[in-house]
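>>> Fold the following.
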Amino acid sequence: MATLATSVVLMRWQILSAVLMFMASTLNVQFRKSDYQALAFISSGLGIAASCWFATGLLGMSLDFAATWTHIKDVMLEIMSHTPPEWPMVIT
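I've put the predicted structure just below:
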């Protein structure tokens, strides 16, 4: 019993991401049957995100969301500083 409890504690994020992948797949099938294409697309995206999370967890990689968000913000500000002042144009 202790071995089972220890494995659940150590694998909690991988188990959670596997459950999320299953739920996203199930929702995707149900939404496609019900002809809700937009919701099926969203559930597919959630399934892809959960599978990437699962794979990075199995490989032992961790993502620092704060550092990633700061880097994305810095890159976007740098890109926007190089755009011409009249962009985006508004055609009236």
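>>> From here on, just use CA atoms for contacts and neighbour counts.
Fine.
>>> what's the helix or strand for residue 51?
Here residue 51 sits within helix 37-59, counting by DSSP states H and E.
>>> Buried residues, that helix. List them.
The neighbour-count check on helix 37-59 (16 or more other CA atoms under 10 Å) flags 40, 43, 44, 46, 47, 48, 49, 50, 51, 53, 54, 57 as buried.
>>> Of those residues, which is the nearest to residue 65?
residue 53 (12.5 Å; CA to CA).
>>> Correct me if wrong: that closest one contacts residue 17.
Yes. With contact defined as CA atoms under 8 Å, residue 53 counts as touching residue 17 (6.6 Å).
>>> And the helix holding residue 51, what does it pack against?
Applying 3 or more CA pairs under 8 Å, 6 or more residues apart in numbering; DSSP states H and E, one finds that helix 37-59 makes contact with helix 12-33.
>>> I would like the residues contacting the helix it packs on, please.
Helix 12-33 is contacted from outside by 8, 37, 39-41, 43-44, 46-48, 50-51, 53-54, 57-58, using CA atoms under 8 Å, 6 or more residues apart in numbering.
>>> Nearest to residue 73 among the residues you listed?
The closest of the contacts of helix 12-33, once distances to residue 73 are taken by CA to CA, is residue 53, at 22.0 Å.
>>> pLDDT at that closest one, what is it?
Residue 53 is assigned a pLDDT of 79 by the prediction.
>>> same deal with residue 9?
If you check residue 9, the pLDDT there is 63.
>>> Out of the buried residues of helix 37-59, which one has the lowest pLDDT?
Lowest in pLDDT among the buried residues of helix 37-59 is residue 57, which has 76.
>>> give the contact list for that one.
Listed by CA under 8 Å, 6+ apart, the contact set of residue 57 reads 13, 14.
>>> quick one on the thing from earlier: which among the buried residues of helix 37-59 gets closest to residue 75?
Sorting the buried residues of helix 37-59 by distance to residue 75 puts residue 49 at the head of the list, at 22.4 Å, by CA to CA.
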